[in-house]
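Q: Sequence plus predicted model, see below.
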Amino acid sequence: MVFIILTLITIILIEVPTLLRNKMWRELAVFCGFILIALVYGVIHTFELGILNPTDFTKMIFEPVFNVFDE
């Protein structure tokens, strides 16, 4: 867990000053979003919580649509 946080802090310290200096606000927002996703994924993986498989998520969304066509 500490390794994940230290890695993310290092990446932030390297990338964010350049984005701020060049006033790249949209890129900074996307960067923060990706960092947040990486942090959440790392914490979930570290605590061995179940990570939802993208295939299962897609199946859950589209299964009702396919059931309509099967009838």
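A: In hand now; what should we look at?

Q: how about low-confidence regions in the protein?
A: Residue ranges of the chain with pLDDT under 70: 71.

Q: Just want the most central residue of it.
A: Of all residues in the chain, the one closest to the mean position by Cα atoms, centre = their mean is residue 37, 2.3 Å from it.

Q: Which of the helices or strands spans that residue?
A: helix 25-46 (DSSP states H and E).

Q: How about residue 18?
A: Applying DSSP H and E, one finds residue 18 within helix 2-21.

Q: how near is the residue nearest to the centre of the chain to residue 31?
A: 11 Å (Cβ to Cβ, to the nearest Å). In short, each C-beta sits where N, CA and C put it, glycine included.

Q: same deal with residue 58?
A: Counting by Cβ to Cβ - residue 58 and residue 31 are separated by 27 Å.

Q: Neighbour count: those two, which is higher?
A: residue 31 (16 against 10; other Cβ atoms under 10 Å).

Q: Help me confirm that the more buried one comes into contact with residue 15.
A: Yes - under the criterion of Cβ atoms under 8 Å, residue 31 makes contact with residue 15 at 6.3 Å.

Q: quick one: common contacting residues for those two?
A: Shared contacts of residue 31 and residue 15 (Cβ atoms under 8 Å, 6 or more residues apart in numbering): none.

Q: Tell me how far the residue lying closest to residue 19 once chain neighbours are set aside lies from residue 63.
A: Residue nearest to residue 19 in three dimensions, not counting chain neighbours: residue 28, with 4.5 Å by Cβ to Cβ, 6 or more residues apart in numbering. Counting by Cβ to Cβ, the gap from residue 28 to residue 63 is 38 Å.

Q: Show me which of the two is the more surrounded one.
A: residue 28 (16 against 9).

Q: Would you mind listing the residues in contact with that one?
A: Taking Cβ under 8 Å, 6+ apart as the test, what residue 28 contacts is 16, 19-20.

Q: Can you get me a residue count around residue 42?
A: Here the number of neighbours of residue 42 (other Cβ under 10 Å) works out to 16.

Q: So it is in contact with residue 4, correct?
A: Yes - using Cβ under 8 Å, residue 42 is in contact with residue 4, at 4.0 Å.

Q: That'll do, ta.
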